[in-house]
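>>> need a structure here:
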Amino acid sequence: MSINKTYAVFGLGQYGLAIARELVKSGADVLAVDIDEQKVNKAALEIPLCKCADVTNADVIRRLGVSNIDVVIIAMANNLEASVLSVMLCKEVGVKTVIVKSGDEMQNKILTKIGADKIVFPERESGVRLAKNILSSGFIDLVELSEDVSIVELNVKNEWLGKTLIELNLRKKYSFNVVAIKRGETIDVDVDPTEPLTDDEKLVVIVKSSKLSKIR
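Okay, the predicted model is just below:
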């Protein structure tokens, strides 16, 4: 995913607002929606396109043009019924990726069964981190160690397959250091730079945040 995609955030509580704010900050086109006018007015100070609307209503979903949006993030874990209806309506109009905030494992099972593409638990993943991961095309995961440095997990690119880290010289080309190689659930921190990379491996790298665009 990237800033070239369009995004909608349903639910402008603390978590949803953090996501919308980070997406806008990164230059993405974002539609922010909540049924609470007070929350919408507050969000409008930071989010250019805010609407006060009921996203559990099929007519409203159509009027908002949700069918033209690439990614919808539903941040209404305190209202399971609203979350379920929103997921179903988004999928009905053809939204490719629906990400939903969940309150517990039971909600997780329900939301998965009705078509949610990704479930997030706010106690495990902050709104800002989720937004950064949504925008980080090619990244499996991204964790900010500080404002300047991040750890990123990424797939081995096709052009890297069969080559060693010495041959690729990724530090010079992409300004990052490979700190581990992940194979399934096993993480090997004793990286052998003479071993050819394979398609079942993932690289864990440390990189300056200002250089993330080079990896993308």
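>>> from Ser175, how far out is Gly27?
Taking CB to CB, to the nearest Å as the measure, Gly27 falls 21 Å from Ser175. For every residue, glycine as well, the C-beta is placed using N, CA and C.
>>> show the subsequent helix or strand relative to the helix or strand of the chain with the lowest mean pLDDT.
The weakest-scoring helix or strand in the chain, judged by mean pLDDT, DSSP states H and E, is strand 139-144 (a mean of 48). As assigned by DSSP states H and E, the chain's next helix or strand after strand 139-144 is strand 149-155.
>>> list the contacts of the helix or strand where Met106 lies.
Using DSSP H and E, Met106 sits within helix 105-113. With contact meaning CB atoms under 8 Å, 6 or more residues apart in numbering, helix 105-113 is reached by 77, 80, 83-84, 87, 100, 102, 119, 121.
>>> which of those residues are buried, as a ChimeraX select command?
Buried members of the contacts of helix 105-113, defined by 16 or more other CB atoms under 10 Å, are picked up in ChimeraX with:
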select :77,80,83,84,87,100,102,119
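>>> narrow the contacts of helix 105-113 to those in helices?
Mapping the contacts of helix 105-113 onto helices (DSSP state H) picks out 80, 83-84, 87.
>>> looking at those, which is nearest Asp54?
Distance to Asp54 across these (CB to CB) is lowest for Ser83, with 13.2 Å.
>>> contacting residues around the closest one?
Per CB under 8 Å, 6+ apart, neighbours of Ser83: 74, 76-77, 100-102, 107, 111.
>>> if you drop the residues flanking it in sequence, what lies closest to it?
Nearest residue to Ser83 in three dimensions, chain neighbours excluded: Met76, at 5.0 Å (CB to CB, 6 or more residues apart in numbering).
>>> I'd say the one you found and Lys101 touch.
Yes: judged on CB atoms under 8 Å, Met76 makes contact with Lys101 at a distance of 6.9 Å.
>>> show me whatever sits in contact with both of the two.
Any residue near both Met76 and Lys101 by CB under 8 Å, 6+ apart counts here, and that gives 11, 16, 83.
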